[in-house]
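A.B. asks: Fold the following for me, if possible:
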Amino acid sequence: MRIASTDAAAETSQGVPMPDAAEPPAMPAPGDDLAWFTEVVHEHSTALVKYFARRGPRQDAEDLAADVFATAWRRRDDVPREAVLPWLYRTAGFTLANHRRKLVDLPVDRVPDSGSTRVGDDPELSALFDAELRGALQSIGERDRGIILLHAWEGLDGDELAQVLGISRSGADAALSRARKRLREAWGERLSF
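C.D. replies: Sure, this is the predicted structure:
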């Protein structure tokens, strides 16, 4: 029995080059994470600050955006490189919810039911100038309002909206369609009196 190996045969397997066993796996350069993160901050910081300014106290917008970027840095291996902004918006939603909970010092038995927010207490709604639109948005559910505002203010639809909501693309399309329908109905009811 003869075992023969040539350098060319060892380097390919059915025409596909094989890696040299002595080479260590390619590791990113130490500065790659920092360069990526710097680019992410430069590219998306304005969008995040605007997101928070529309939804919470304006004086907290930059601090909340910084919290999101701190989370992105800590979880940089989990951030999808092809969809950074939707990931940041999803994280921003969680950060804002945590921030709002910190501002309310109520015993659990006195926490109001979802959707009982008055227009003056809700920065998202008070940012709108049209009273009819504010009323129509307030009358639809909190989730529907969030979907409408992510689409209208942040320009998200399709895959990006799906990623922010944590659902499939078809689910996001359906949710946006239902939210639009409910807003049209609420607006029509308000204009019909």
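
A.B. asks: Next, please give the residue ranges for the helices of the chain.
C.D. replies: Ranges of helices in the chain, per DSSP state H, are 7-11, 31-55, 61-74, 84-103, 123-126, 131-139, 142-152, 158-165, 169-191.

A.B. asks: TSV for the ones you listed, including mean neighbour count and mean pLDDT?
C.D. replies: For the C-beta atoms, the positions are set from N, CA and C on the backbone; glycine is no exception. Output for the helices of the chain, formatted as TSV (neighbours: other Cβ atoms under 10 Å; pLDDT from 0 to 100):
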stretch	mean neighbour count	mean pLDDT
helix 7-11	9	46
helix 31-55	15	91
helix 61-74	17	94
helix 84-103	17	88
helix 123-126	16	56
helix 131-139	17	78
helix 142-152	19	89
helix 158-165	19	89
helix 169-191	15	87
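
A.B. asks: In CSV, please show the C-alpha coordinates belonging to stretch 93-105.
C.D. replies: Extracted in CSV, the C-alpha atoms of stretch 93-105 (Å, rounded to 0.1, in the frame of the first residue of the first chain):
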residue,chain,number,x,y,z
GLY,A,93,-37.5,51.0,24.0
PHE,A,94,-36.3,48.9,26.9
THR,A,95,-34.1,51.7,28.3
LEU,A,96,-37.0,54.1,28.1
ALA,A,97,-39.4,51.7,29.8
ASN,A,98,-36.8,51.3,32.6
HIS,A,99,-36.3,55.0,32.9
ARG,A,100,-40.1,55.6,33.1
ARG,A,101,-40.4,53.0,35.9
LYS,A,102,-37.7,54.8,37.9
LEU,A,103,-39.6,58.1,37.7
VAL,A,104,-42.8,56.5,39.1
ASP,A,105,-42.6,55.9,42.8
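
A.B. asks: From the rest of the structure, what touches that stretch?
C.D. replies: For stretch 93-105, contacts defined as Cβ atoms under 8 Å, 6 or more residues apart in numbering pick out 52, 55-56, 60, 64, 67-68, 71, 111, 146, 164.

A.B. asks: Just send the residues you listed back as a markdown table, with distance to Gly171 too.
C.D. replies: Formatted as a markdown table, the contacts of stretch 93-105 follow (distance: Cβ to Cβ, whole Å):
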| residue | distance to Gly171 |
| --- | --- |
| Phe52 | 26 |
| Arg55 | 23 |
| Gly56 | 27 |
| Asp60 | 31 |
| Leu64 | 27 |
| Asp67 | 28 |
| Val68 | 24 |
| Thr71 | 25 |
| Val111 | 28 |
| Gly146 | 14 |
| Val164 | 12 |
